[in-house]
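1. A structural model of the following input is requested.
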Amino acid sequence: MAHESPSSEWNWKKTPGISAGADVERAVFGAPVLPPGQYVSYREALEYVKNHQPSLEKRPKVATVLRQKVAELCSDESLPVKFYTAVGTPLDIYHGVDAFFEQGSKIVTLDVSMREKETTKADVLLVASMDEDGRVLIDAREMQQVAEKIATLLSAIPARKAA
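-> Numbers count the residues shown, from 1 in each chain. Coordinates of the predicted model:
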């Protein structure tokens, strides 16, 4: 199992006003440093997230490990696989995307939840839990399956040509 110990430097909050689901989102993916905004289109929300990422040093270990696994599994090794957290941004709030992976012009979106869902707005669902000490737990098989799904989707999306 992957274990992520929360820290205050990436906005871990365990107060009555913050749900466990929001806690697990921040613990797994971290969160961009920005105030919540008003509704924006999907495309604008993607660009907003890209321009407001936390520093790499503040990226949670789970996100780093998942990005590395995805990169190793992608068929296109000529382009880097990039990870972006969208937790708490308009992309999360209005479009249901907690994070996304990008390879060139290809994007695969991700939702993290403490339970299985029949439907999500994102392309891939990552199921995580928290122990009684507030540490995030993700089963190793879940991490591998999610990495494989993301890599498969990135590999299957045809690259768009610039207009």
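2. most centrally placed residue in the chain?
-> Ala99 (2.8 Å; CA atoms, centre = their mean).
3. from Ala140, how far off is that one?
-> Ala99 sits 19 Å away from Ala140, going by CB to CB, to the nearest Å. C-beta: built from backbone N, CA, C; applies to glycine.
4. which strand in the protein runs the most residues?
-> Using DSSP state E, we find that the single longest strand of the chain is strand 106-113.
5. quick one: distance of the helix or strand following that strand to the chain centre.
-> Note on strand 106-113: by DSSP states H and E, the next helix or strand toward the C-terminus is strand 124-127. Mean C-alpha position of strand 124-127 versus that of the full chain (CA atoms, centre = their mean, to the nearest Å) differs by 9 Å.
6. pLDDT (mean, whole number) over the helix or strand following strand 124-127?
-> As assigned by DSSP H and E, the chain's next helix or strand after strand 124-127 is strand 129-130. Strand 129-130 shows a mean pLDDT of 92.
7. can we start the residue count at 10 from this point?
-> Will do, 10 is the new start, and the previous item becomes strand 138-139.
8. same for strand 138-139, what does it pack against?
-> helix 29-38, strand 145-147 (3 or more CB pairs under 8 Å, 6 or more residues apart in numbering; DSSP states H and E).
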